[in-house]
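*Asks:* fold the following, please.
(chains A, B and C)
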Amino acid sequence: MSRVAGVIVDVPSRSTDRPFSYAVPADMRAWIEPGSRVGVPFAGRTLQGFVVSLADEPPAEGPAKLKPIAELLDPLPPLLPDLVELARWISEKYCCTWTAALQAMVPSAIKGKAERHLRLADGADEPAAEAAAESAAARSDVGRPEAFWAMPGEAAPELPPSETLPQELVRELRRHGSLKLEAARQRWPEAGGAIKRALAQGVLIEETSIRDRIGVRTQLTVYPPLDREAAKAALEALPGTAKRQKELLLYVLALEGPVTLQAMLADTGASASSAKALADKGYILVEEAEQQRDPYAGREFRRSEPLPLTDAQREVFVRIRDAVERTAPATFLLQGVTGSGKTEIYMQSIQRALELGREAIVLVPEISLTPQMVERFKGRFGDEVAVLHSRLSSGERYDEWRRIRRGGAKVAIGARSAVFAPFARLGLIVIDEEHESSYKQEETPKYHARDVAVQRARQHGAVVVLGSATPSLETYAAAARDGAGGALLRLSERAVASSLPPVTVTDMRDELKSGNRSMFSRALHEALQARLERGEQSVLLLNRRGYSTFVICRSCGYTALCPHCDISLTYHQKTRAMRCHYCGHAELAPSACPSCESEQIRYFGAGTQKVEEELAKLFPGIRVIRMDVDTTTEKNAHEKWLKLFGERKADVLLGTQMVAKGLDFPYVTLVGVIAADTSLNLPDFRAAERTFQLLTQVAGRAGRHHLPGEVIIQTYNPEHYAVIASQRHDYEGFVAEEMKHRRMMGYPPFCRLILVTMSHEQLATLSAASDRFARRLIELAGQRGVLQPLHGSGARALELLGPVASPISRIKDRYRFQCMVKYRGAVPAAELVSEAIRQAEAEAPRSGVLFSVDVDPHMIL
DNA sequence: GTCTTCGTTTCG
DNA sequence: GAAACGAAGACT
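*Replies:* This is a model prediction of the structure:
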């Protein structure tokens, strides 16, 4: 039995991010495991922590006497030992704290916070209370016992009210045993001093315990009487006046199992007091019972059976199935265009894993976790499926997560964080639309679900399947490298017989030359007209990225900037306010230019709204559904709009990226991209890749069923290789060209990147800190012999760019500098960066400079 | 000589 | 990140 536990405490600081040893109380020994969540005393208070290790003897270093773990927070450890290990791997790879990685793995509902309670000292509520109080008070020279208690009838004249504990507080403490300190402080604001002194003198005792933000939901539940005969007898014995009670008793006698109190009262029309009367007499049992919040409760899913596979599908499936059966780690890239039947392969592979007694995780981009998608998996695997996505309430999420943890679900389908689903015997992890940027978390820990999945698969001997029509260059390069294409599986033709639609590229410069100043090219205008006449539907995509809705004065060039950040404010039509993306600062949009007082102030790039207005002008009576941040913020708005569109209640679906993902409507025969190149010109090395992926994906949206489809892409750069390749549905061609650029410019996959951003209110402090960091890193890299230019010949190379001001040089009144670390070969770059930060911080402790590390960054804007 | 405040250390 | 600790200054 382990006597000592290593605990990572919940303090988000690098300096405390190591295991601290605690004694395991004897009564907890059978319960505590690596992954248990506990409350431990730390620096004079109780904190939440995770047990990461167990030992029989205390470590050599550390104090002679260990403090004991104060409480065990969950009967079943929220994490498994392999997840604890995975968290450590994440903290090393992504330069974050172990505690941050652990926190990312559990649902937000169990982020416990210490709650402080007050209770009377032992004996204080006995008749000897006065004596106890007296002796306590006698130890001190302040206050007197009668003043403390201020009992009715006792005099406490010489002290002002603030010196006495309110009677009511004492009474409450006697009745309930304890009270929340915060609640006491609010109810008796003037008693602060008295409480403090009572605590100091031991009359009151403060206890802390960890309480979760959201608990298990319980509901009052009525159980039918165990002894039905006795209950029937009681029915006779009840007085004639107790009509309601008789009705209730008859009702419960007819029950097979428990019902909720709410349901019983609704069914019988009785009141809660009647039920209570019966319960008090012991005829029925009313108890708090745990309830599962099932977000899909009451929904029927059409049962689906495995479909026959095409030859191509079968070939791919066999490869995956064999790997799953070998239970050795393996990664496959499954490249297949939209509609090539990847999902059926996923489902049959999962089926096989389940048959082998193993579990599976399916990751999908948040945006494509549509009801349609859920329906397919629920239809095949029924209740074995747990769904985790951001639109669930945190309570619902928690319940789905606990279902996984307890073994009630064998398949988890969800967004990024579902990669941490607490399964013990993972057999398969599927990542659909592998190239999607939503798999990269933008907050600390800045992990990529794909890389975490591969590591988790290594731990479990599981198989990872990465699916995409347009794999990211990193994944593609890795798959091509691995065993002569062994990891690359292809599905080229569409499973449903329909070919990819023709793609027309229109050059908007030509349009302008011919005098067309509208945002629709003639081709798109005609195509829209034709769809309206034929009663077919169109999807219009506005590539929002790069389209800022900033405010500009046309006569003097003034733009509205955030006073706290180095960024222009964006305009929101709905509220007529200008808002900062980064700090939330908002102000009313001016009607005249604040700088030159001209009325020529305009709101630019209003995006979808502007397109909508123009559509209404060109096609009177056209029915448009607009989907963007303004129209989809409320819960389920997203689904609501899509449902309307699916029912052909609109002619055009207009939106940003989100309309491009995973939608499948039979009457959509036209897809138009308003301005393909807004994302092409971004100063990000992935700009071309993103544009290509988006355009290709959009192209797959039209004509997926029986009606032939058409795609029109409007651009100012028709000769750009990303545009040309997407027009030809030519992934290989795009990759070849893009790889040339990446190699030339020294970007992934030819090297790897770590972006280190530092911030501080004062430029001078920041500048000094960034220099310190850079110096340390160069020193460390030099010692390892890896500091050399990337274009050199060495197998291992690391170079440091910067420090320079970040592209957004100030956010929330903090200046920002960044360093870009580029490296190639087996360089322990993350380790070097962590060490350099540690040394830089040690050199100038408490400088207030914040370091933020992004390993394999996605946006370097 | 005791109380207060600040910066520093350490938390098991 | 925050309590505990110890050193240096403020006041009885």
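*Asks:* ok now stretch A:164-182, how far from the chain's centre?
*Replies:* 40 Å (Cα atoms, centre = their mean, to the nearest Å).
*Asks:* residue in chain A nearest to DNA strand C?
*Replies:* residue A:44 (2.5 Å; Cβ to the nearest atom of the strand). Quick note: C-beta positions are derived from backbone N, CA and C, even for glycine.
*Asks:* pLDDT wise, what is the residue most central in space within chain A at?
*Replies:* Centroid check for chain A by Cα atoms, centre = their mean gives residue A:417 as the closest residue, at 5.9 Å. For residue A:417, the pLDDT comes out at 96.
*Asks:* try residue A:752
*Replies:* 96.
*Asks:* show me the contacts for it.
*Replies:* A:822-824, A:829, A:856 (Cβ atoms under 8 Å, 6 or more residues apart in numbering).
*Asks:* how close does it get to residue A:441?
*Replies:* 18 Å (Cβ to Cβ, to the nearest Å).
*Asks:* tell me which other helices or strands the helix or strand harbouring residue A:799 touches.
*Replies:* Using DSSP states H and E, residue A:799 sits in strand A:797-811. With contacts taken as 3 or more Cβ pairs under 8 Å, 6 or more residues apart in numbering; DSSP states H and E, strand A:797-811 sits against strand A:752-760, helix A:763-783, strand A:814-824.
*Asks:* CSV for the ones you listed, including distance to residue A:92?
*Replies:* Shown next, in CSV, are the helices and strands packed on strand A:797-811 (distance: least, Cβ to Cβ, whole Å):
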stretch, distance to residue A:92
strand A:752-760, 13
helix A:763-783, 16
strand A:814-824, 16
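*Asks:* who does the residue of the stretch 201-350 of chain A found nearest DNA strand B form a beta bridge with?
*Replies:* Closest residue of the stretch 201-350 of chain A to DNA strand B, Cβ to the nearest atom of the strand: residue A:208 (12.9 Å). Under the criterion DSSP bridges, residue A:208 forms beta bridges with residue A:116.
*Asks:* show me the contacts for it.
*Replies:* A:39, A:45-46, A:70, A:114-117.
*Asks:* at 7 Å what do you get?
*Replies:* A:45-46, A:114-116 (Cβ atoms under 7 Å, 6 or more residues apart in numbering).
*Asks:* all strands for the stretch 501-650 of chain A, in order.
*Replies:* Under the criterion DSSP state E, counting those that start in this stretch, strands of the stretch 501-650 of chain A are mapped to A:503-507, A:537-541, A:551-553, A:570-572, A:577-579, A:586-588, A:601-603, A:624-627.
*Asks:* chain center to the fourth one, what's the gap?
*Replies:* How far strand A:570-572 lies from its chain's middle: 26 Å, per Cα atoms, centre = their mean.
*Asks:* what does the second one give?
*Replies:* In terms of Cα atoms, centre = their mean, the centre of strand A:537-541 is found 30 Å from the chain centre.
*Asks:* sheet-wise, list the partners of that strand with their directions.
*Replies:* strand A:652-655 (parallel), strand A:668-673 (parallel).
*Asks:* repeat that for the fifth one.
*Replies:* For strand A:577-579, the pairing partners within the sheet under DSSP bridges are strand A:570-572 (antiparallel), strand A:586-588 (antiparallel).
*Asks:* return the set of buried residues in it.
*Replies:* A:578-579 (16 or more other Cβ atoms under 10 Å).
*Asks:* now swap in the first one and tell me
*Replies:* Judged by neighbour count using 16+ other Cβ under 10 Å, the buried positions of strand A:503-507 are A:503-506.
*Asks:* what helices or strands is that strand leaning on?
*Replies:* helix A:522-534, strand A:710-715, helix A:721-727 (3 or more Cβ pairs under 7 Å, 6 or more residues apart in numbering; DSSP states H and E).
*Asks:* off-centre distance for the second one?
*Replies:* Just to be clear, that refers to strand A:710-715. 34 Å.
*Asks:* go on, the last one?
*Replies:* Its chain's C-alpha centre and that of helix A:721-727 lie 33 Å apart, by Cα atoms, centre = their mean.
*Asks:* which parts of chain A sit against DNA strand B?
*Replies:* A:13, A:15-16, A:19-23, A:40-44, A:59, A:61-63, A:66-67, A:845-846 (Cβ under 7 Å from any atom of the strand).
*Asks:* for stretch A:763-771, the averaged confidence score.
*Replies:* So the average pLDDT for stretch A:763-771 ends up being 93.
*Asks:* buried residues in it?
*Replies:* A:765-770.
*Asks:* now do stretch A:796-815
*Replies:* Across stretch A:796-815, burial judged by 16+ other Cβ under 10 Å covers A:797-800, A:802-803, A:805-806, A:809-811, A:814-815.
*Asks:* adding distance to residue A:258 as columns, could you present those residues in TSV?
*Replies:* Below are these laid out as TSV (distance: Cβ to Cβ, whole Å):
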residue	distance to residue A:258
A:797	68
A:798	64
A:799	67
A:800	65
A:802	64
A:803	65
A:805	64
A:806	59
A:809	62
A:810	60
A:811	54
A:814	56
A:815	61
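*Asks:* what's the closest of the residues you listed to residue A:581?
*Replies:* Distances from residue A:581 to those, taken as Cβ to Cβ, are shortest for residue A:811 (9.6 Å).
*Asks:* who's in contact with the closest one?
*Replies:* Residue A:811 touches A:565, A:582-583, counting by Cβ under 7 Å, 6+ apart.
*Asks:* need the pLDDT of it.
*Replies:* Confidence score, pLDDT, at residue A:811: 94.
*Asks:* for residue A:247, same thing?
*Replies:* 84.
*Asks:* next, count neighbours for it.
*Replies:* Neighbourhood size, residue A:247 [other Cβ atoms under 10 Å]: 13.
*Asks:* where's it, which helix or strand?
*Replies:* Counting by DSSP H and E, residue A:247 is part of helix A:243-253.
*Asks:* using CSV, write down the CA coordinates of that helix.
*Replies:* C-alpha atoms of helix A:243-253 as CSV (Å, rounded to 0.1, in the frame of the first residue of the first chain):
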residue,chain,number,x,y,z
LYS,A,243,-57.5,12.6,0.2
ARG,A,244,-54.3,13.7,-1.7
GLN,A,245,-52.1,11.4,0.3
LYS,A,246,-54.3,8.5,-0.6
GLU,A,247,-54.2,9.4,-4.3
LEU,A,248,-50.4,9.6,-4.1
LEU,A,249,-50.1,6.3,-2.3
LEU,A,250,-52.3,4.6,-4.9
TYR,A,251,-50.1,6.1,-7.6
VAL,A,252,-46.8,4.9,-6.2
LEU,A,253,-48.3,1.4,-5.5
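*Asks:* and that helix, what other elements does it pack with?
*Replies:* helix A:228-237, helix A:261-268, helix A:272-280.
*Asks:* format the ones you listed as TSV; extra columns: mean neighbour count, mean pLDDT and distance to DNA strand C.
*Replies:* Shown next, in TSV, are these (neighbours: other Cβ atoms under 10 Å; pLDDT from 0 to 100; distance: least, Cβ to the nearest atom of the strand, whole Å):
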stretch	mean neighbour count	mean pLDDT	distance to DNA strand C
helix A:228-237	12	80	54
helix A:261-268	16	84	40
helix A:272-280	16	83	42
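*Asks:* in JSON lines, list those along with distance to residue A:349.
*Replies:* Putting the helices and strands packed on helix A:243-253 into JSON lines (distance: least, Cβ to Cβ, whole Å) gives the following:
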{"stretch": "helix A:228-237", "distance to residue A:349": "51"}
{"stretch": "helix A:261-268", "distance to residue A:349": "41"}
{"stretch": "helix A:272-280", "distance to residue A:349": "51"}
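*Asks:* that older thread, which PyMOL command selects the buried ones in the residues of chain A next to DNA strand B?
*Replies:* Buried residues among the residues of chain A next to DNA strand B (16+ other Cβ under 10 Å), as a PyMOL selection:
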select buried, chain A and resi 16+19+20+21+22+40+42+66
